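In: No letters, just coordinates:
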Ligand code: GRF
């Protein structure tokens, strides 16, 4: 059984769909939800789904063992960042080399990097008068939004689109593609 830990900081709509996607899977299991915010919606989703949770403590994550021993102890094989707003420390990237993926709500390499998350991304895309935006699913390395791209999907940006309406279009792409791409990566056919 390949065990996944989902790292998330927010509402957890992506986490919810990933959990749903793998609910009855024969060889992949969502075993842990890791979060850095005690009041994040994703923790309620984990509780409802009876999935164990781990609340990160900043010092230990960035200047301690990055919780690597805990994750190994729990037999976590793969890490999915689904709206996780902290940078992954090198200790974790190194111990899960090629086993951490992230979803970014824009077509990288543009509109990525430190401080580019959530609404700020959509505002920048619209301010730049882009005609399209979308999602990028990529491997995680030591830099923000920098690892090798696995998959991208795009959506058009219309004249009357706002950061909110664009966010809705991008969220739909995330929910449509992220679970399937994770499965493809884990089953080795991507
Ligand atoms: C998504 O927009 C994702 O692209 C970004 O963080 C957001 C997470 O949303 N990395 P949710 O918490 O899954 O609803």
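Out: Looks like it arrived, so ask away. The shown structure was predicted, so the numbers you read here are calculated from the model rather than taken from an experiment.

In: can you pull the contacts of the nearest residue to residue 131 once chain neighbours are set aside?
Out: Closest residue to residue 131 apart from its sequence neighbours, by Cβ to Cβ, 6 or more residues apart in numbering: residue 157 at 5.8 Å. (C-beta placed from N, C-alpha, C; glycine too.) Shown in contact with residue 157 (Cβ atoms under 8 Å, 6 or more residues apart in numbering): 125-126, 130-133, 166.

In: Need the phi and psi values for residue 157.
Out: The phi and psi values for residue 157, taken as degrees, to the nearest 10, are phi -110, psi 120.

In: Can you pull the residues of the protein lying near the ligand?
Out: The interface of the chain toward the ligand, taken as Cβ under 6 Å from any ligand atom, is made up of 8, 10-15, 82-83, 103-105, 174.

In: mind giving me a markdown table with these and columns for distance to residue 45, neighbour count and secondary structure?
Out: Listed next are these as a markdown table, based on distance: Cβ to Cβ, whole Å; neighbours: other Cβ atoms under 10 Å; DSSP: H, G, I helix; E, B strand; the rest coil:
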| residue | distance to residue 45 | neighbour count | secondary structure |
| --- | --- | --- | --- |
| 8 | 9 | 28 | strand |
| 10 | 11 | 18 | coil |
| 11 | 9 | 15 | coil |
| 12 | 5 | 23 | coil |
| 13 | 9 | 17 | helix |
| 14 | 10 | 22 | helix |
| 15 | 6 | 29 | helix |
| 82 | 11 | 26 | coil |
| 83 | 12 | 23 | coil |
| 103 | 16 | 24 | strand |
| 104 | 21 | 25 | strand |
| 105 | 19 | 26 | coil |
| 174 | 15 | 21 | helix |
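
In: And the residues you listed, which is closest to residue 114?
Out: Distance to residue 114, by Cβ to Cβ, is smallest for residue 104 among these, at 12.3 Å.

In: my guess is the closest one meets residue 138, correct?
Out: Yes. Between residue 104 and residue 138 there is a contact at 6.9 Å, judged by Cβ atoms under 8 Å.

In: Between these two, which contacts overlap?
Out: With Cβ under 8 Å, 6+ apart, residue 104 and residue 138 have common neighbours residue 145.

In: Tell me who's in contact with residue 185.
Out: 101, 150.

In: Are we agreed that it is in a strand?
Out: No. Assignment of residue 185 by DSSP: H, G, I helix; E, B strand; the rest coil gives helix, placing it outside any strand.

In: Which parts of this protein belong to which domain?
Out: Annotated domains of the chain cover 1-97, 103-190 [automatic domain parsing].

In: Would you pull up how far the first one lies from the middle of the chain?
Out: So the one you mean is domain 1-97. 9 Å (Cα atoms, centre = their mean, to the nearest Å).

In: Which parts of this structure are strands?
Out: 2-8, 28-35, 53-55, 78-81, 100-104, 132-139, 149-156 (DSSP state E).

In: can you put those strands in JSON lines and add mean pLDDT?
Out: Below are the strands of the chain laid out as JSON lines (pLDDT from 0 to 100):
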{"stretch": "strand 2-8", "mean pLDDT": "98"}
{"stretch": "strand 28-35", "mean pLDDT": "98"}
{"stretch": "strand 53-55", "mean pLDDT": "98"}
{"stretch": "strand 78-81", "mean pLDDT": "98"}
{"stretch": "strand 100-104", "mean pLDDT": "97"}
{"stretch": "strand 132-139", "mean pLDDT": "98"}
{"stretch": "strand 149-156", "mean pLDDT": "98"}
